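J.: Okay, sequence plus prediction incoming.
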Amino acid sequence: MAKQRFVRCLVLLLVFVAFGAMAGWFGPSANHCPFGVSAVLAQDQKPLDKPPAGQTYVGEKTCASCHFDQDLTWRKTKHAKGFEILPAKYHEDKSCLKCHSTGFGEETGFKSLESTPALVGTSCEACHGPGSEHAKVGKQFFGKELTEAQKKFVGSSIYKIQPKNVCVECHLAQTHKKHPPYEKEEK
């Protein structure tokens, strides 16, 4: 009886593997696997030339769910406090928000403290670009030790650093421009 059950299970497993192989569930182009294992099996995936278009901003907490150590380091920087150090009367000033929030001026970027609190300060996506696809790709590997090929594949879904000079966009002193005048609040 146990032997028959084992044989049936083995046959079912072989049928599943054969059907999956014919359906294209396994291998480098297996992005449509209904069981969510395509990325795990994508060890031979080639990195993308550039991150996928159409991504949205997800906020620092989403990034921190996988990049905990990096988030702890970031929290100790002035970038993390970028919005906090901005005097309250400038919290809606467009010339300030470009540098003191993440993604301001972009469709899915910072709008206001009330509607997009996850994007206050100069967080991960200010340098790496919107991370929705990276979060989606990385989620499949959560809690697992990745191979080098898998790390490369997941990393290819977001910029290591955006191709434009994002640092100079805010750190104007490097381009010999003066910071816009503002009144500091007394503490």
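T.: On my side now, so go ahead. Numbers count the residues shown, from 1 in each chain.

J.: Against A118, how distant is the nearest residue to V166 once chain neighbours are set aside?
T.: The spatial neighbour of V166 that comes closest, neighbours along the chain excluded (C-beta to C-beta, 6 or more residues apart in numbering), is C127 at 5.5 Å. All C-beta atoms are positioned from the backbone trio N, CA, C, and that covers glycine. Using C-beta to C-beta, to the nearest Å, C127 is found at 16 Å from A118.

J.: if we can go back for a sec, could you confirm the residue nearest to V166 falls within a helix?
T.: Yes - counting by DSSP: H, G, I helix; E, B strand; the rest coil, one finds C127 located in a helix.

J.: Now do the contacts for P52.
T.: P52 makes contacts with 133, 157, as judged by C-beta atoms under 8 Å, 6 or more residues apart in numbering.

J.: Per-residue pLDDT of it, please?
T.: At P52, the predicted lDDT confidence score is 73.

J.: Torsion angles phi and psi at the closest residue to A118 other than its chain neighbours?
T.: Excluding its sequence neighbours, the residue lying closest to A118 (C-beta to C-beta, 6+ apart) is G59, at 2.8 Å. The phi and psi values for G59, taken as degrees, to the nearest 10, are phi 90, psi 160.

J.: Make sure G59 is actually in contact with L119.
T.: Yes - the pair G59 and L119 passes the contact test of C-beta atoms under 8 Å, sitting 5.8 Å apart.

J.: low-scoring stretches of the protein, by residue?
T.: Counting by pLDDT under 70, the chain shows low-confidence ranges at 1-51, 173-178, 186-187.

J.: switch the cut-off to 50
T.: Along the chain, segments meeting pLDDT under 50 span 9-45.

J.: Just give the number of residues close to the residue nearest to A118.
T.: Other residues near G59 come to 20 when the count uses other C-beta atoms under 10 Å.

J.: Run through the residues that contact it.
T.: So G59 contacts 102, 116, 118-119, 123, 125 (C-beta under 8 Å, 6+ apart).
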